[in-house]
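> this one's structure only:
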Ligand SMILES: Nc1nc2c(c(=O)[nH]1)N[C@@H](CN(C=O)c1ccc(C(=O)N[C@@H](CCC(=O)O)C(=O)O)cc1)CN2
């Protein structure tokens, strides 16, 4: 039977640590959250982040904008928040409505307030191994591996998905801890032949039931980053949990795995931003 990696419990522990450290600061850290439009899932995630902020003793400033918000309006708000000394971190909830230029929006956030670690400057710093912030979802995965005593060094790591938010930075963090990393994507032929070699398998594709038992090596660590809804509308990842669990050494559930860790790592980044801002004054 595999060890179930409990992201919910670990996230609670991380947030408690962040709250204790935040008490040492001379000013409460502040997060500005921008939500454009009416996507119900985004509303749930934003509410969750605001709750996390309260638990950690942070302030949160919500900016909910209508679906038809113009690009210039959004960029104007970000400029204001970049200058606001009460705001340590700025987060623009994704996805944005289709008429908005996501790259231009993310690039407008000041790198020292970019607690999602999406700005090209911060992505570059991550690439060269000198990060300002760690990207929340991949950092959450690394924290889970560390907490459960899973060393990456010398391991064959396979990452499924090549998004800028998860797949690419995930591969980079595994590489920086001396993993031998392969990134697979929609054009990868014979996916199963590669996933079967993985000591650590990270799936971030977004397809229900993608990872079946025959694709997993006996004793592998299986990390499911995806958040899908199955036919019954139930939240699930890419991994067929019931089938894969008996083959794995360790496995993350969905929900209760990587998702809560993403939020906890965001709190760490806000704390780090606030510390830096307060040291500058
Ligand atoms: N600006 C950002 N936008 C988005 C990000 C992000 O990191 N920054 N990631 C995702 C959504 N996301 C955070 O924003 C996120 C999604 C889900 C969870 C989570 O805790 N999931 C729970 C289940 C929640 C539920 O019941 O619906 C779990 O897995 O247990 C956290 C963060 C896209 N946008």
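Sure, I can see it. Keep in mind that this is a model prediction, so the values were computed, not measured.
> next helix or strand past the strand or helix carrying residue 51?
Following DSSP states H and E, one finds residue 51 within helix 40-55. Downstream of helix 40-55, the first helix or strand assigned by DSSP H and E is strand 59-65.
> near the ligand, anything from that next one?
No. Strand 59-65 stays clear of the ligand (CB under 6 Å from any ligand atom), getting no nearer than 13.1 Å. For the C-beta atoms, the positions are set from N, CA and C on the backbone; glycine is no exception.
> direction included, what does that strand pair up with?
Applying DSSP bridges to the sheet, strand 59-65 is found paired with strand 30-36 (parallel).
> ok, the partner strand near the ligand or not?
No. Strand 30-36 is not in contact with the ligand by CB under 6 Å from any ligand atom; minimum separation 8.7 Å.
> got the angle for that strand vs helix 40-55?
Angle, strand 30-36 to helix 40-55, by axes from the mean of the first three to the mean of the last three CA atoms, to 10 degrees: 170 degrees.
> so what touches stretch 186-203?
Outside stretch 186-203, the residues that touch it by CB atoms under 8 Å, 6 or more residues apart in numbering are 141, 145, 150, 152, 155-161, 170, 174, 179, 182, 184, 210-211, 214-217, 219-226, 237-239.
> gap between it and the chain center?
On the basis of CA atoms, centre = their mean, to the nearest Å, stretch 186-203 sits 21 Å off its chain's mean C-alpha point.
> can you give me the end-to-end distance of that stretch?
12 Å (CA to CA, to the nearest Å).
> may I see the buried residues of it?
With burial defined by 16 or more other CB atoms under 10 Å, the residues of stretch 186-203 counted as buried are 191, 194, 195, 196, 198, 199, 200, 201, 202, 203.
> can you check stretch 140-151 too?
Neighbour-count burial for stretch 140-151 flags 140, 141, 142, 143, 144, 145, 147, 148, 150 (criterion: 16+ other CB under 10 Å).
> equivalent analysis for stretch 225-241, please.
Those would be 225, 226, 227, 228, 236, 237, 238, 239, 240, 241, for stretch 225-241 by 16+ other CB under 10 Å.
> of those, which are in range of the ligand?
Near the ligand, by the rule CB under 6 Å from any ligand atom, you find residue 227 out of the buried residues of stretch 225-241.
> now, the buried residues of stretch 225-241 that are in helices?
Counting by DSSP state H, these place residue 241 in helices.
> with pLDDT added, can I get the buried residues of stretch 225-241 in a markdown table?
Formatted as a markdown table, the buried residues of stretch 225-241 follow (pLDDT from 0 to 100):
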| residue | pLDDT |
| --- | --- |
| 225 | 98 |
| 226 | 97 |
| 227 | 95 |
| 228 | 96 |
| 236 | 97 |
| 237 | 98 |
| 238 | 98 |
| 239 | 98 |
| 240 | 98 |
| 241 | 98 |
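> quick check, nearest of the buried residues of stretch 225-241 to residue 40?
The shortest gap between residue 40 and any of the buried residues of stretch 225-241 belongs to residue 227, at 13.6 Å (CB to CB).
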